[in-house]
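A.B. asks: predicted model and sequence follow; I will ask about them next.
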Amino acid sequence: MTLRIGVVGAGGFGRAIAQASARHGHEVVLWSRRHREVPEPIRASNQMEDLLDSELIFLAVPARHAGDAAEQLGEVIDGRHLMVHVSRGLTGPDLKTVTEMLREKTVCRRIGALAGPLVAKTLAEGRPSGAVLGTGFPEITDMVRDALGGAELRVYDTRDVVGVELASATVGFLTVVLGYAQEVGAEPSTLAVLATRGMVEISRIGQTLGAEESTFMGLAGLGDLIAAVAGDERPEFRLGQALARGAELTTAVRELGAYVEGIEVARHMIEHARRLGLQTPISSTFVAVVEGRMSSEDAIHALMERRVGKE
């Protein structure tokens, strides 16, 4: 069955989703603020109205721009549309998820969040991969599998939408941490400690916001982190390496050519945890390093010497 697919955002992920959907025989409209050259049979547009006939709309823009895109979508879409976002961020200091924001700014209620070890290049080229879809609507799962799935992409699903979104956002930060640690020469055992204790740290925060612990240990969390450390060329990992080499945060992000939301998310997480009396040693320590308040050597020693929770 041919589906009508709309994609908002012509960055790496947006183009990859459009290419994968077109490869599976679907009609695809790719929206961008500026004119973009796209391969046939994908149709490019800078008019949001061109998405009106879409059955499934993918939102593929950074969280900081998702609000503006949602407001424009809100003038076009209605309750018939299904929507899935692939943002790895949150939308403000209150740790609001993109799904929450979409519900506020549009009448769309059937929404999902796609996350996990899914990389734009792999998706675009049709190489084997996997992802997890957080949604409470089976029809969204079916349609996403039809649009992107097949032999090359296994799409798992869970009803823990908030867990998928929080895990995806916070794993981005842990990826920066591990890229930094590897670049400064941390041993594999040290990386293992940072990865596992970091997952525990962010899952505890996630649970205070209604997420399930198991989601952080699945594809949306630990699976995504393993893929990043294994070398899937994630921009967050490269950002951590650049920071370890002495680059300033703004300069490193600009040179990457990709917006990385992890550190901003970490700052908001730390404040949220502080209000609840939760400890965030890994997050707090690394943010202190990025802000120049602690050296990398002191940070590694502090984290390794400190007893963080129970195993």
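C.D. replies: Structure received.
A.B. asks: would you map the strands across the stretch 1-150 of the chain?
C.D. replies: 4-8, 27-31, 43-45, 56-59, 82-85, 111-115, 129-135 (DSSP state E, counting those that start in this stretch).
A.B. asks: buried set for the shortest one?
C.D. replies: Okay, so that is strand 43-45. 44-45 (16 or more other Cβ atoms under 10 Å). The C-beta positions use only the backbone N, C-alpha and C, and glycine is treated the same way.
A.B. asks: run the chain-centre distance for that strand.
C.D. replies: When C-alpha coordinates are averaged (Cα atoms, centre = their mean, to the nearest Å), strand 43-45 and its chain have centres 25 Å apart.
A.B. asks: which helices and strands does that strand pack with?
C.D. replies: The helices and strands touching strand 43-45, judged by 3 or more Cβ pairs under 8 Å, 6 or more residues apart in numbering; DSSP states H and E, are strand 27-31.
A.B. asks: what does the longest one give?
C.D. replies: If contacts are counted by 3+ Cβ pairs under 8 Å, 6+ apart, strand 129-135 sits against strand 111-115, helix 138-148, strand 153-158, helix 161-183.
A.B. asks: circling back to that earlier point, so which of the strands of the stretch 1-150 of the chain is nearest G246?
C.D. replies: The minimum distance between G246 and the strands of the stretch 1-150 of the chain falls on strand 111-115, with 31.7 Å, by Cβ to Cβ.
A.B. asks: rewinding a little: for G198, find the nearest of the helices and strands packed on strand 129-135.
C.D. replies: helix 161-183 (4.6 Å).
A.B. asks: could the helices and strands packed on strand 129-135 be laid out in CSV, adding mean neighbour count and distance to R204?
C.D. replies: Listed next are the helices and strands packed on strand 129-135 as CSV, based on neighbours: other Cβ atoms under 10 Å; distance: least, Cβ to Cβ, whole Å:
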stretch, mean neighbour count, distance to R204
strand 111-115, 27, 19
helix 138-148, 19, 28
strand 153-158, 19, 19
helix 161-183, 27, 11
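A.B. asks: and the residue nearest the centre of the chain, how far is that from R34?
C.D. replies: Closest residue to the average C-alpha location of the chain: R88 at 1.9 Å, with Cα atoms, centre = their mean. According to Cβ to Cβ, to the nearest Å, R88 stands 23 Å off from R34.
A.B. asks: packing partners for the worst-scoring helix or strand of the chain on mean pLDDT?
C.D. replies: Here the helix or strand of the chain ranked lowest by mean pLDDT, DSSP states H and E is helix 296-305, holding a mean of 76. For helix 296-305, the packing partners by 3+ Cβ pairs under 8 Å, 6+ apart come out as helix 188-208, helix 281-290.
A.B. asks: output the shortest one as CSV, restricted to C-alpha atoms.
C.D. replies: The C-alpha trace of helix 281-290 is given here as CSV (Å, rounded to 0.1, in the frame of the first residue of the first chain):
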residue,chain,number,x,y,z
PRO,A,281,27.8,13.6,39.9
ILE,A,282,28.6,12.6,36.3
SER,A,283,26.4,15.3,34.7
SER,A,284,27.4,18.0,37.2
THR,A,285,31.1,17.2,36.9
PHE,A,286,31.2,17.2,33.1
VAL,A,287,29.2,20.5,32.8
ALA,A,288,31.8,22.0,35.2
VAL,A,289,34.5,20.8,32.8
VAL,A,290,32.8,22.3,29.8
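A.B. asks: show residues contacting it.
C.D. replies: With contact meaning Cβ atoms under 8 Å, 6 or more residues apart in numbering, helix 281-290 is reached by 173-174, 176-177, 180, 194, 197-198, 201-202, 243, 249, 263, 266-267, 269-270, 273, 294-296, 299, 302-303, 306, 308.
A.B. asks: ok, I77 - contacts?
C.D. replies: 51-52, 57, 83, 106-108.
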